[in-house]
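>>> Next input, structure requested:
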Amino acid sequence: MTRPILIVDDDELLRDAIAAVLETQNIACLSASNGQEALDVMRKDLPGLLLLDLQMPVLDGAGVVQCLQHWGIDVPIVLMSATAPSLARSAQEFGITHLLPKPFGFADLLSTVDRALAGAGGPS
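Down below sits the predicted model:
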């Protein structure tokens, strides 16, 4: 069975839109509105991929990445942000190669998800 993709963004409409697009490709999705919710979800169900916004309340994307690294959890991550300089800086700092600058089109979303999953050996 394929593990779901966890969409973490404080914009509910964007989370819903991303999930709707991914579900057209038969990809199961989970969602969280901030980093703390994401960590809570991952304690119960480790996703096959994390679509992670960088700037959120409660716990931001950088905090989530730091927690996962501290816990030794290796999940492929696609960082999303509307602030290109912070996105590139954070990606470099954490060694994340898959970036999705906002705003993005759904074709960009799907191709980035495909590349991230392929680099991770696909969902298992």
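>>> ranges for the helices of this protein?
Along the chain, counting by DSSP state H, helices occupy 12-23, 35-44, 61-71, 84-94, 106-119.
>>> looking at those, which one has the lowest mean pLDDT?
Per-stretch mean pLDDT for the helices of the chain is lowest at helix 84-94 (a mean of 83).
>>> Give me the most central residue, the chain.
With distances taken as C-alpha atoms, centre = their mean, residue 51 lies nearest the centre of the chain, 1.3 Å away.
>>> wait, that one sits on residue 17?
No. Assessed by C-beta atoms under 8 Å, residue 51 is found out of contact with residue 17, at 11.7 Å. Heads up, the C-betas are built off the backbone N, CA and C, glycines and all.
>>> How about the contacts made by the nearest residue to residue 59 once chain neighbours are set aside?
Nearest residue to residue 59, sequence neighbours excluded (C-beta to C-beta, 6 or more residues apart in numbering): residue 35, at 3.0 Å. Residues near residue 35 by C-beta atoms under 8 Å, 6 or more residues apart in numbering: 8, 56, 58, 59, 60, 61, 63, 64, 67.
>>> if I look at residue 35, how far off is residue 24?
From residue 35 across to residue 24, the span is 27 Å (C-beta to C-beta, to the nearest Å).
>>> and if you look at residue 57?
Here residue 57 is placed at a distance of 29 Å from residue 24 (C-beta to C-beta).
>>> surely residue 108 meets residue 100?
Yes. Using C-beta under 8 Å, residue 108 is in contact with residue 100, at 6.7 Å.
>>> more neighbours, those two?
Ranked by neighbour count (other C-beta atoms under 10 Å), residue 108 and residue 100 place residue 100 first, with 21 against 12.
>>> Pairing-wise in the sheet, spell out the partners of the residue lying closest to that one once chain neighbours are set aside.
The shortest distance from residue 100 to any non-neighbouring residue, by C-beta to C-beta, 6+ apart, is to residue 80 (4.5 Å). Beta-bridge partners of residue 80, counted by DSSP bridges, are residue 53, residue 100.
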